[in-house]
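Student: structure of the sequence below:
(one chain, ligands or ions: 1)
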Amino acid sequence: MSAILQVRGLRKAYANGFEALKGVDLDIEEGEIIALLGPNGAGKTTLISTICGITTATSGNVTVGGHDIETDFRAARSMIGLVPQEINLEPFETVVNTVRFSRGLFGLPRKDKIVETVLRQLSLWDKKDNQVKELSGGMKRRVLIAKALAHEPRVLFLDEPTAGVDVELRKDMWDIVATLKQSGVTIILTTHYIEEAEAIADRVGVINKGELLLVEDKTALMARMGKKELAVQITAPIDTIPELLASYDLTLSENGKTLTYTYDTRAERTGITSLLSAMSEAGLQLSDVETRQSSLEEIFVGLVHDGKDAA
Ligand SMILES: Nc1ncnc2c1ncn2[C@@H]1O[C@H](COP(=O)(O)OP(=O)(O)OP(=O)(O)O)[C@@H](O)[C@H]1O
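Tutor: Numbering: from 1, shown residues only. Just a heads-up that it's a prediction; the model follows:
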């Protein structure tokens, strides 16, 4: 495999002086799916827009298939398909014409066979003569993807493909992404959802405050993120954690009535069973037990922290 996309020292300061990208380096291999994960305002859309030439970088450079996005804009842009966050379709146009038109925008000759292949790939062929306004929200999202694929790009950007869609539609989208990968397209998507990255990505990049904190193989990253907490309520408050429980990773709440145990969901043994029996041995009476997955926000805070510690 070779890097189809190379991003080097990419910085973007907006007109008001705000630095949305603070020197991003990224290599993307041909044929992989990479998910860029980050909280609101992290810079995900800015990164994609800059790579796709919608906004101009302040400094740094980007090449797609070896073509510089500034000095060789046309060649670079022709290799990229962009599926934007917002649905921006012409409501009275038919599906097939919408896709044909997108292909034409790249100055390519009309090739109905290609348009047909794309529409079939997205299960839109039987809707080809429908007007866009007659389609469901999920179908409209598919049309956006079909449009982005009409000029046969090798790299496809999906900006928050499943923001605000229901679970079924989200799974649908994941299947589409898997099909596209099989056809050899390199896919870069942005998302807020860990489970989305987990479901479809080969690698995950975490972006926060304009910095790419890490890019890592998904399995390794998920193992690191897979922390869960077990909160155990006890009937009688205690001042300190009993000696018998010293070997567990426990914290005691201020009111002395909740013991919180942090464990790794992916570990072979979570240690919950032995912890609960050790609690009973220590004479603690339990009144309630609750589990909690660390939120994305917390994971990011953790990651930002780790990054600072390492520096
Ligand atoms: N045109 C602009 N002028 C000034 N600041 C901007 C502009 N566009 C975006 N920003 C700021 O840059 C930062 C990054 O925005 P961006 O849209 O790239 O984030 P994001 O990670 O895509 O967020 P979200 O998940 O909410 O879409 C934000 O703080 C945003 O307010």
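
Student: over to the nearest residue in space to Thr94 that is not next to it in sequence. Which of the three states is it?
Tutor: Distances taken as CB to CB, 6 or more residues apart in numbering place Asp129 nearest to Thr94, at 5.4 Å, with adjacent residues excluded. Yep, even glycine has a C-beta here, placed from its N, CA and C like the rest. Using DSSP: H, G, I helix; E, B strand; the rest coil, the structure places Asp129 in coil.

Student: any stretches of the stretch 101-250 of the chain with poor pLDDT?
Tutor: Applying pLDDT under 70 to the stretch 101-250 of the chain flags residues 222-226.

Student: strands along that one, start to end?
Tutor: Counting by DSSP state E, counting those that start in this stretch, one finds strands in the stretch 101-250 of the chain at the ranges 155-159, 186-191, 203-208, 211-217, 227-234, 250-252.

Student: in a markdown table: the ones you listed, plus distance to the ligand.
Tutor: Output for the strands of the stretch 101-250 of the chain, formatted as a markdown table (distance: least, CB to the nearest ligand atom, whole Å):
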| stretch | distance to the ligand |
| --- | --- |
| strand 155-159 | 7 |
| strand 186-191 | 6 |
| strand 203-208 | 7 |
| strand 211-217 | 12 |
| strand 227-234 | 23 |
| strand 250-252 | 32 |
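
Student: point out the most buried one among the ones you listed.
Tutor: Comparing the strands of the stretch 101-250 of the chain by mean neighbour count (mean count of other CB atoms under 10 Å), strand 186-191 ranks first with a mean of 25.

Student: please name every helix or strand in contact with that one.
Tutor: In terms of contacts (3 or more CB pairs under 8 Å, 6 or more residues apart in numbering; DSSP states H and E), strand 186-191 is packed against strand 3-13, strand 19-29, strand 33-37, helix 44-51, strand 155-159, helix 167-182, helix 194-200.

Student: residues in contact with it: which ones?
Tutor: With CB atoms under 8 Å, 6 or more residues apart in numbering as the test, strand 186-191 has contacts from 4-5, 28-38, 44-45, 48, 154-163, 177, 180-181, 196-197, 200-201.

Student: please check these and keep the buried ones.
Tutor: 4-5, 28, 31-38, 44-45, 48, 154-162, 177, 180-181, 196-197, 200-201 (16 or more other CB atoms under 10 Å).

Student: wait, what's in contact with Arg100?
Tutor: Shown in contact with Arg100 (CB under 8 Å, 6+ apart): 110, 112, 115, 150.

Student: how long is stretch 145-163 end to end?
Tutor: Stretch 145-163 has an end-to-end distance of 15 Å (CA to CA, to the nearest Å).

Student: count the neighbours of Met279 for me.
Tutor: Neighbour count for Met279, taken as other CB atoms under 10 Å: 21.

Student: please report phi then psi for it.
Tutor: Backbone torsions of Met279, given as degrees, to the nearest 10, read phi -60, psi -40.

Student: enumerate every residue touching Phe106.
Tutor: By CB under 8 Å, 6+ apart, the contact list for Phe106 reads 77-78, 150-151.

Student: relative to Leu158, how far out is it?
Tutor: Remark: distance between Phe106 and Leu158 (CB to CB, to the nearest Å) = 19 Å.

Student: then Leu89?
Tutor: Leu89 is 16 Å from Leu158, by CB to CB.

Student: surely Asn208 meets Leu37?
Tutor: No - between Asn208 and Leu37 there is no contact under CB atoms under 8 Å: 9.2 Å.

Student: how near is the most centrally placed residue in the chain to Thr251?
Tutor: By CA atoms, centre = their mean, the mean C-alpha position of the chain lies nearest to Thr191, the distance being 3.2 Å. Thr191 sits 31 Å away from Thr251, going by CB to CB.

Student: do the same with Leu284
Tutor: 15 Å.
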